[in-house]
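Asker: here are the coordinates; sequence isn't available:
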């Protein structure tokens, strides 16, 4: 381009040079489009020749079809096309296509002799990619053509599973059709995984669940190791642990159930967990970027989230929830220890028997959980403003206590940070002498 701009003709008459360049570009585009059209015609001719050869080889055979009416091959192709779904655009659609095609074959009592020709006609331009893999004798073998198509276009088992999970009902699709499509896709996935009985199905579901929790690096390694097969849960677990050990990654073993301190906040729309608590529980974190606002419109950016299950001591209540990870939830609660007499109230009924001793808060349970844990029963402690409310965890303490202020010495330092630039400007102003 620089060479053209530097030539004398361009400098003298740039418009004519631009026009000439555009003309050359248009001619090249036209030549390329003509070449593409020619290639399509060649492929179509090649396909027609192959189909004609099939018909020529069978010209001495009886062409009757086992159905009530006698159809020619062309009319039979049109009839099958009407009963079959369109050629799929996505890999996961081929299983549904062949299911509908074979149902149409059964409905019209099509013999094995005509199935290959009908299938190649339905494929249209896609047949050109298939024929190059077929030998002459395979052109009459429907099962061979089908297997080549599936090898060429079918999805991997993992992508098939992901497509099943993400499937949504289409606008032109009824719920019955949607259910049929999902069923077909799921059965096709099980076929790819060679699931033959319920026991194998259980192991596959567990293995898929484990695989879905892996990070990208580990998942990629396991996919290579599995190849076309899949690991049962125990083998998969061993492979993951070996990979972690080889890369020096720590084996994150959940601690199971352990007792943690929680603060109930019915005004919070989210649940929170301290970073220290998350690390102790070895919870798997998910990276996020969410802005959370609080008191006085203060804002905090949340970088990670975890999922955990909370339960009471008797396991009569259990719920799963997401928690935003923060460095610290609040100061110790209560702020200082206080004495309380529970002569008329048993400590065994309390959710926290040491509620009057300051401790760090591990969790904050928001409105999502707050209102579902309450049970009938509320007790006021005599001569105090404490209220004990019954919950699935036991009685929880709420209210206020009188705080005595003690005379404690305080020491402080106040320092004025003077701007160096302002100081220097003042210095030069003082030194400035007018003439």
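Answerer: Looks like it came in fine. These figures come from a predicted structure and were not determined experimentally. Numbers count the residues shown, from 1 in each chain.

Asker: okay, now residue 178: neighbour count?
Answerer: 14 (other Cβ atoms under 10 Å). Using the backbone N, CA and C atoms, a C-beta is placed for each residue, glycine as well.

Asker: that one is in contact with residue 169, isn't it?
Answerer: Yes. In this structure, residue 178 is within contact of residue 169 by Cβ atoms under 8 Å, at 4.4 Å.

Asker: where exactly do the strands run in the stretch 301-435 of the chain?
Answerer: 318-326, 363-365, 374-380, 385-391, 394-400 (DSSP state E, counting those that start in this stretch).

Asker: which of the ones you listed sits closest to residue 298?
Answerer: Closest to residue 298 of these, according to Cβ to Cβ: strand 318-326, at 12.6 Å.

Asker: quick one: contacts of that closest one?
Answerer: Strand 318-326 has contacts (Cβ atoms under 8 Å, 6 or more residues apart in numbering) with 270-275, 278, 285, 290, 292, 300, 302-312, 363, 368-369, 372.

Asker: so which of these sit within helices?
Answerer: Counting by DSSP state H, the part of those found in helices is 275, 278, 368, 369.

Asker: out of the residues you listed, flag the one nearest to residue 387.
Answerer: The closest of the ones in helices among the contacts of strand 318-326, once distances to residue 387 are taken by Cβ to Cβ, is residue 369, at 19.5 Å.

Asker: just the ones in helices among the contacts of strand 318-326 now: which is nearest residue 350?
Answerer: Of all the ones in helices among the contacts of strand 318-326, residue 350 sits closest to residue 369, with 19.0 Å by Cβ to Cβ.

Asker: can you pull the contacts of the closest one?
Answerer: Going by Cβ under 8 Å, 6+ apart, residue 369 touches 271, 310, 319, 321.

Asker: PyMOL command to pick out the buried ones of the contacts of strand 318-326?
Answerer: Applying 16 or more other Cβ atoms under 10 Å to the contacts of strand 318-326, the buried members can be selected in PyMOL as follows:
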select buried, resi 270+271+272+273+274+278+285+304+305+306+308+310+363+369
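
Asker: could you list the low-pLDDT ranges of the stretch 151-300 of the chain?
Answerer: Applying pLDDT under 70 to the stretch 151-300 of the chain flags residues 152, 154-155, 248-257.

Asker: where exactly do the helices run in it?
Answerer: Applying DSSP state H, counting those that start in this stretch to the stretch 151-300 of the chain gives helices spanning 157-166, 175-192, 198-212, 216-226, 233-246, 275-281.

Asker: make JSON lines from those helices and add distance to residue 265 to it.
Answerer: Formatted as JSON lines, these follow (distance: least, Cβ to Cβ, whole Å):
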{"stretch": "helix 157-166", "distance to residue 265": "34"}
{"stretch": "helix 175-192", "distance to residue 265": "41"}
{"stretch": "helix 198-212", "distance to residue 265": "32"}
{"stretch": "helix 216-226", "distance to residue 265": "35"}
{"stretch": "helix 233-246", "distance to residue 265": "37"}
{"stretch": "helix 275-281", "distance to residue 265": "16"}
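
Asker: what about those helices, which gets the closest to residue 95?
Answerer: That would be helix 175-192 among the helices of the stretch 151-300 of the chain, by Cβ to Cβ, at 3.6 Å.

Asker: which residues of the stretch 301-435 of the chain score low on pLDDT?
Answerer: Checking the stretch 301-435 of the chain against pLDDT under 70 turns up 343-345, 402-435.

Asker: in stretch 196-204, what's buried?
Answerer: 203, 204.

Asker: residues in contact with that stretch?
Answerer: By Cβ under 8 Å, 6+ apart, the residues outside stretch 196-204 that reach it are 190, 193, 194, 195, 230, 232, 233.

Asker: surely the second one touches residue 231?
Answerer: Looking back up the chat, that one is residue 193. No. Contact status for residue 193 versus residue 231: not in contact, 11.5 Å apart, counting by Cβ under 8 Å.

Asker: ok, residue 310 - contacts?
Answerer: So residue 310 contacts 262, 318, 319, 321, 363, 365, 369 (Cβ under 8 Å, 6+ apart).

Asker: separation between it and residue 267?
Answerer: As for residue 310, its distance to residue 267 is 19 Å (criterion: Cβ to Cβ, to the nearest Å).

Asker: do the same with residue 351
Answerer: Distance from residue 351 to residue 267, counting by Cβ to Cβ: 20 Å.

Asker: tell me who's in contact with residue 150.
Answerer: residue 94.

Asker: state the distance from it to residue 379.
Answerer: In this view, residue 150 and residue 379 are 69 Å apart by Cβ to Cβ.

Asker: also residue 300?
Answerer: Residue 300 sits at a distance of 36 Å from residue 379 (criterion: Cβ to Cβ).

Asker: what is the burial count for the closest residue to residue 243 other than its chain neighbours?
Answerer: Among residues not flanking residue 243 along the chain, residue 221 sits closest, at 5.4 Å (Cβ to Cβ, 6 or more residues apart in numbering). Per other Cβ under 10 Å, the neighbour tally for residue 221 reads 17.

Asker: next one: residue 110
Answerer: By other Cβ under 10 Å, neighbour count at residue 110 equals 22.

Asker: ok, it touching residue 77?
Answerer: No. Using Cβ under 8 Å, residue 110 is not in contact with residue 77; the gap is 10.1 Å.

Asker: what do the two both touch?
Answerer: By Cβ under 8 Å, 6+ apart, the residues touching both residue 110 and residue 77 are residue 118.

Asker: thinking again about what came up before, can you lay out the strands of the stretch 301-435 of the chain as JSON lines showing distance to residue 131?
Answerer: Listed next are the strands of the stretch 301-435 of the chain as JSON lines, based on distance: least, Cβ to Cβ, whole Å:
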{"stretch": "strand 318-326", "distance to residue 131": "53"}
{"stretch": "strand 363-365", "distance to residue 131": "64"}
{"stretch": "strand 374-380", "distance to residue 131": "71"}
{"stretch": "strand 385-391", "distance to residue 131": "71"}
{"stretch": "strand 394-400", "distance to residue 131": "74"}
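
Asker: point out the most buried one among those strands.
Answerer: Highest mean neighbour count among the strands of the stretch 301-435 of the chain (mean count of other Cβ atoms under 10 Å): strand 363-365, with a mean of 20.

Asker: coming back round to it: quick one: the ones in helices among the contacts of strand 318-326 as TSV, columns for distance to residue 238 too.
Answerer: Putting these into TSV (distance: Cβ to Cβ, whole Å) gives the following:
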residue	distance to residue 238
275	31
278	27
368	37
369	37
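
Asker: for those, which one is nearest residue 116?
Answerer: Closest to residue 116, out of all of those and judged by Cβ to Cβ, is residue 368, at 59.3 Å.
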